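Asker: predicted model and sequence follow; I will ask about them next.
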Amino acid sequence: IKVNVLYNALPNNYTAIFHINQAGKKVQELDSLMQQRVNKLVSLASKVGIKKDQIYLDMIALVPIFSQEKRIFSRSYIQVPKGFEMQKNLHVRYTMPEQLDQLFSIAAQCEIYDLIKVEYQYDSTEIAFNTMRERAANYLSKKTKNLQKMGIHLDTAYRRLVEQQNQFFPVDQYKPYNPIAVSTLDDETTDASKMVAPQSRSTLFYNQISTDGFDIIINPSPLKPGLQLVYSMEMHYQVNPPKNIEYKTIKDTEML
């Protein structure tokens, strides 16, 4: 007997990770330019409720930039260093999903455009799985009682319990698709010969786990993307089939 439980949990906070790169001829120069962009973002983010201690700058790489120059009196080329490129990731933690829209606008003002991903944090995982386990045990008890009403008694059977649990994050549930309507930005014109057909592009949509196959669903219709916790309780019963017993009637006889 198996019971499947789905829990749609709302995250406690989020972490958006942006990528920053800066090129320059000297390391000190590009580090100063990048720090100016980060300081500007920290200043603007404080106006929307994101403090400085909620922003972390992660160093990724410092890559030299080369150019090819042809040797004099030779057909070969050599690589000559021309500058450097610094790459860092910016981690920004926030509590309300609406703040991500404001972060996009702030990051664009600081010449930061690449959003790597958004991480979802949920602090009550243990409490959630305990709730799911309790609901599954009650549902399993009801199933056992229904079987007893049909004449299937499992009280004396050998039993074995198997539990499984899993977590699904929204970052793994976004799926690509090609939209039918594609917007284009061009000068207004009525000449059909000058009109340009829109280019096909792909985008993403949040495809949460289907509720099909679950016996219990906690928070069944969430509006915002969140974590989906899955728990299953499976009870194995070993029922011995009844044995065929032959009954014989023995009559006592009188001895003469």
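Answerer: Received, thanks.
Asker: can you count the residues close to the residue lying closest to residue 144 once chain neighbours are set aside?
Answerer: Counting by C-beta to C-beta, 6 or more residues apart in numbering, residue 144 lies nearest to residue 154, which is 5.9 Å off, once chain neighbours are set aside. C-beta: built from backbone N, CA, C; applies to glycine. Residues lying near residue 154 (other C-beta atoms under 10 Å) number 16.
Asker: cool, and residue 225?
Answerer: Residue 225 has 20 neighbours, counted by other C-beta under 10 Å.
Asker: ok, now which ones touch residue 124?
Answerer: Taking C-beta atoms under 8 Å, 6 or more residues apart in numbering as the definition of contact, the neighbours of residue 124 are 9, 12.
Asker: other SSEs contacting the helix or strand harbouring residue 128?
Answerer: Element membership of residue 128 [criterion: DSSP states H and E] is helix 125-149. Under the contact definition 3 or more C-beta pairs under 8 Å, 6 or more residues apart in numbering; DSSP states H and E, helix 125-149 sits against strand 2-9, strand 158-168, strand 216-218, strand 227-238.
Asker: that older thread, spit out the contact partners of the residue nearest to residue 144.
Answerer: By C-beta under 8 Å, 6+ apart, the neighbours of residue 154 are 144, 147, 148, 237, 239.
Asker: picking up where we left off before, the helices and strands packed on helix 125-149 into TSV, with extra columns for mean pLDDT and distance to residue 27?
Answerer: Converted to TSV, those look like this (pLDDT from 0 to 100; distance: least, C-beta to C-beta, whole Å):
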stretch	mean pLDDT	distance to residue 27
strand 2-9	95	45
strand 158-168	90	42
strand 216-218	94	53
strand 227-238	92	41
